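Q: next one to model:
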Amino acid sequence: MQQSRADILSSLQSDILRLQGFKSQGNTTARLNLGLMDAAFPNGVFPLGAIHEFLPAGEEDIAATSGFVASLLSNVTGVNGIALWISTSRTLFPPALKSFGISPERFIFIDLKKEKDVWWAVEEGLKCTSVTAVVGEMPTLDFTSSRRLQLAVEESCVTGFVIRPFSQKLTTTACVSRWKIASLPGEVVDDLPGVGYPQWRVELQRVRNGKPGAWDVKWLEGQLKTVAEKALHHFEPEERKAG
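A: Numbering: from 1, shown residues only. All right, here's what the predicted structure looks like:
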């Protein structure tokens, strides 16, 4: 029986993604149910077993960035997954993970003194198949170092999240995606501001083989809910200029 045109195109797309580091084994095909954001990713699936880069819009948005990453981790780690959170000055308050349906005991927090030690620990953690995800807070990340991290996860299928809390200069990296996160006012509950569900302005500035975009999202009833969507087109030229 001859393959249909759609089947042939799907097979070719899978081959291309596999050559570019999107492997199909293990948990890399799991869907995170991110609503409208899913359409931005290759084949409508958030790339697991890959490195993702997160930039706070400003210093006041560092906590918002950690919160958004935690919301993704709640889906990535599942019920029994173990994650590492590595940094020199951790921005996450561990008990806050419960707000995203994550038990803090499923995280191993590694606090180090030097950024180079963080980079080494992140790379080694990404090689460990016993963990599901690794989060590293690293202000500095260049193409060479990010490529080493990407090569590590292509072997282990661990998902990596790099938060760059105080990055002063953007550089070209080998990360599969780059996000910029800003905090939004929380929902007003009983005329009390700031006590409702957290909300963020999420910009997917770059995604390999996907479609950049921007959304207003909130964490509601155990999952991300998309509030609004807007297409973005101006990031790729800026990144090439920065590189």
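Q: OK, contacts around the spatially closest residue to Lys98 that is not a sequence neighbour?
A: Of all residues not flanking Lys98 in the chain, Pro104 sits nearest, at 7.0 Å (C-beta to C-beta, 6 or more residues apart in numbering). Backbone N, C-alpha and C define where each C-beta goes, glycine included. Shown in contact with Pro104 (C-beta atoms under 8 Å, 6 or more residues apart in numbering): Pro94, Pro95, Leu97, Lys98.
Q: and which of the residues you listed is nearest to Met138?
A: The shortest distance between Met138 and any of the contacts of Pro104, using C-beta to C-beta, involves Pro94 and amounts to 19.5 Å.
Q: buried subset of the contacts of Pro104, written for ChimeraX?
A: Restricted to the buried members of the contacts of Pro104, where burial is judged by 16 or more other C-beta atoms under 10 Å, the ChimeraX selection command reads as follows:
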select :97
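Q: want to throw the contacts of Pro104 into a markdown table with secondary structure, distance to Leu55 and pLDDT?
A: Converted to a markdown table, these look like this (DSSP: H, G, I helix; E, B strand; the rest coil; distance: C-beta to C-beta, whole Å; pLDDT from 0 to 100):
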| residue | secondary structure | distance to Leu55 | pLDDT |
| --- | --- | --- | --- |
| Pro94 | helix | 23 | 83 |
| Pro95 | helix | 25 | 83 |
| Leu97 | helix | 21 | 84 |
| Lys98 | helix | 26 | 84 |
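Q: ok, of the contacts of Pro104, which one's closest to Gly213?
A: Using C-beta to C-beta, Leu97 comes nearest to Gly213 of these, at 27.0 Å.
Q: the closest one and Pro185, how far apart?
A: In this structure, Leu97 and Pro185 are 23 Å apart, going by C-beta to C-beta, to the nearest Å.
Q: how about Leu73?
A: Relative to Pro185, Leu73 is positioned 24 Å away (C-beta to C-beta).
Q: so the two - more neighbours on which side?
A: Counting neighbours by other C-beta atoms under 10 Å for Leu73 and for Pro185 shows that Leu73 has the greater number, 24 against 10.
Q: confidence score at the nearest residue to Ile181 once chain neighbours are set aside?
A: Closest residue in space to Ile181, ignoring its immediate chain neighbours: Thr65 at 4.3 Å, by C-beta to C-beta, 6+ apart. The confidence metric pLDDT takes the value 92 at Thr65.
Q: now Thr65: which helix or strand?
A: Element membership for Thr65 (DSSP states H and E) is helix 62-76.
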